[in-house]
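Participant: coordinates only, sequence not included:
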């Protein structure tokens, strides 16, 4: 999925390669001896501060996972500086919408490293290192839940900025989806690493089936909601990245409880850096059967109507059928994993499978609407993921839309 997002964002960069990063006329006195990396230019956005890469000296305790070698770190630093270069004494400043120079430079490192045709740095270890440079995560990790809490907190904090132009909003949508997919890859990697060999192999097979399904969702969305003439509008990348992020959240849901049951036995408390929040519990719902999901796939196909702005009904049905077949294969492999588990791990894994069937049912009932720039009327017709079990029996998006 990351390579598909790279393709989207490469096109976005092609549109915006003349983009100037907030060049200003005044100069604030900053020096590289002072770690202004974390400063906000006093919140005065018509002023400037010197912009550069400020590399902190990290030790093995500053990483949530295994620390990279010094040689690898130096190679990554050099690559960031080459691809996201700031001239000596550069006083372009930090454009409006970013929190500070630290966030600005870090995000542009990820843009330049991830969303280029020649990108070869989509690996987990680079991302973990660059996040550690962005945010101090050297806190005592007394559970795997807390380890992943700090990991998610780091990239969610990094993504807290407002895009001022359509280009920036598209880029933000891309990086939001990419970080969610990165988080999923870390979860899967660690689940494989902590599992017995025979279960680790079935998890890898399940991951492959997930990847095929995920790719089918992306392809299907472009067929179902895309314009065959290519006139999708400048906000189209936001929509395609939106469904990618949504699907990636479902992937997180499919792994999280199992991983924490495997490593922490769910016998711990969710901790905030300053206080205990609450005990961890499995999120349980009324059973949603596979048959119910497949029937909703069919209802989705039956809802397609001829429209000059969409692909032919036959093509849309074919794309959704391909996705449904990939979904069935993924669920089959989850059944294989479940058959090898026992006790709390099996309970957590099976519960997650039910939760993602529920998640998928809601996606289907919403007819893949609500991604990108969306009207209030559309939002009113969407079924939220927080819907009660009773609300699942209500009308689908197309039925609500026609009534509206």
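Facilitator: Nice, I can see it. Computed from a predicted structure; not experimentally measured.

Participant: which stretches in the stretch 201-350 of the chain count as helices?
Facilitator: Using DSSP state H, counting those that start in this stretch, the helices found in the stretch 201-350 of the chain span residues 236-264, 290-302, 313-339, 343-365.

Participant: any idea which of these is most buried?
Facilitator: Among the helices of the stretch 201-350 of the chain, helix 236-264 has the highest mean neighbour count (mean count of other C-beta atoms under 10 Å), at a mean of 22. Placement of C-beta: from N, CA and C, glycine included.

Participant: residue ranges with poor pLDDT in the chain?
Facilitator: 1-49, 87-93, 118-122, 139-141, 267-280 (pLDDT under 70).

Participant: what helix or strand is the residue nearest to the spatial centre of the chain on?
Facilitator: By C-alpha atoms, centre = their mean, the chain has its centre lying nearest to residue 180, at 2.1 Å. Taking DSSP states H and E as the definition, one finds residue 180 inside helix 166-194.

Participant: which helices and strands does that helix pack with?
Facilitator: Using 3 or more C-beta pairs under 8 Å, 6 or more residues apart in numbering; DSSP states H and E as the contact criterion, the secondary-structure elements in contact with helix 166-194 are helix 2-15, helix 101-114, helix 124-134, helix 144-158, helix 197-225, helix 236-264.

Participant: any chance of those helices in a markdown table, plus distance to residue 365?
Facilitator: Conversion of the helices and strands packed on helix 166-194 to a markdown table gives the following (distance: least, C-beta to C-beta, whole Å):
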| stretch | distance to residue 365 |
| --- | --- |
| helix 2-15 | 25 |
| helix 101-114 | 32 |
| helix 124-134 | 34 |
| helix 144-158 | 27 |
| helix 197-225 | 14 |
| helix 236-264 | 13 |
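
Participant: closest one to residue 364 among those helices?
Facilitator: Put simply, out of the helices and strands packed on helix 166-194 the one that sits nearest residue 364 is helix 197-225, at 10.9 Å, with distance taken as C-beta to C-beta.

Participant: so how far is that closest one from its chain's centroid?
Facilitator: What separates the centre of helix 197-225 from the centre of its chain is 15 Å, taken as C-alpha atoms, centre = their mean, to the nearest Å.

Participant: check which helices and strands that helix is in contact with.
Facilitator: The criterion is 3+ C-beta pairs under 8 Å, 6+ apart, and the helices and strands that helix 197-225 contacts are helix 166-194, helix 236-264, helix 313-339.

Participant: surely residue 359 is in contact with residue 252?
Facilitator: No - taking contacts as C-beta atoms under 8 Å, residue 359 lies outside contact range of residue 252: 10.3 Å.

Participant: mind listing what's buried in the helix holding residue 180?
Facilitator: Residues of helix 166-194 classed as buried under the neighbour-count rule (16 or more other C-beta atoms under 10 Å) are 166-188, 190-192.

Participant: same check on stretch 220-228?
Facilitator: Neighbour counts using 16+ other C-beta under 10 Å place 220-226 of stretch 220-228 among the buried residues.

Participant: could I get the contacting residues of residue 286?
Facilitator: With contacts defined as C-beta atoms under 8 Å, 6 or more residues apart in numbering, residue 286 is in contact with residue 389.

Participant: now the helices and strands packed on helix 197-225 as a markdown table including distance to residue 104?
Facilitator: Written out in a markdown table, the entries for the helices and strands packed on helix 197-225 read as follows (distance: least, C-beta to C-beta, whole Å):
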| stretch | distance to residue 104 |
| --- | --- |
| helix 166-194 | 12 |
| helix 236-264 | 20 |
| helix 313-339 | 38 |
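
Participant: so which of the ones you listed gets nearest residue 212?
Facilitator: Of all these, it is helix 313-339 that lies closest to residue 212, at 4.9 Å by C-beta to C-beta.

Participant: I'd like to know which of the helices and strands packed on helix 166-194 is closest to residue 367.
Facilitator: If you check each of these against residue 367 by C-beta to C-beta, helix 197-225 wins as the nearest, at 8.2 Å.

Participant: next, the angle helix 166-194 makes with the closest one.
Facilitator: Our comparison of helix 197-225 with helix 166-194, counting by axes from the mean of the first three to the mean of the last three C-alpha atoms, to 10 degrees, yields an angle of 160 degrees.

Participant: follow-up on the earlier one: what about the helix holding residue 180, distance to the chain center?
Facilitator: Counting by C-alpha atoms, centre = their mean, helix 166-194 is centred 4 Å from the centre of its parent chain.

Participant: also stretch 281-289?
Facilitator: Going by C-alpha atoms, centre = their mean, the spacing between the C-alpha centre of stretch 281-289 and its chain's C-alpha centre is 23 Å.

Participant: and it, end to end?
Facilitator: End-to-end distance for stretch 281-289, by C-alpha to C-alpha, to the nearest Å: 22 Å.

Participant: and it, which residues are buried?
Facilitator: Along stretch 281-289, these residues count as buried under the neighbour rule (16+ other C-beta under 10 Å): residue 288.

Participant: circling back: list the contacts for the residue lying closest to the residue nearest to the centre of the chain once chain neighbours are set aside?
Facilitator: Counting by C-beta to C-beta, 6 or more residues apart in numbering, the nearest residue to residue 180 once its immediate chain neighbours are dropped is residue 248, at 4.1 Å. Going by C-beta under 8 Å, 6+ apart, residue 248 touches 1, 177, 180-181, 183-184, 214.

Participant: try residue 341
Facilitator: If a contact means C-beta under 8 Å, 6+ apart, then residue 341 has 199, 258, 349 as its contacts.

Participant: and if you look at residue 287?
Facilitator: Residues in contact with residue 287 (C-beta under 8 Å, 6+ apart) are residue 354.

Participant: again, 10 Å this time
Facilitator: With contacts defined as C-beta atoms under 10 Å, 6 or more residues apart in numbering, the neighbours of residue 287 are 354, 357-358, 389.

Participant: how close does it get to residue 348?
Facilitator: When C-beta to C-beta, to the nearest Å is the yardstick, residue 287 and residue 348 sit 16 Å from each other.
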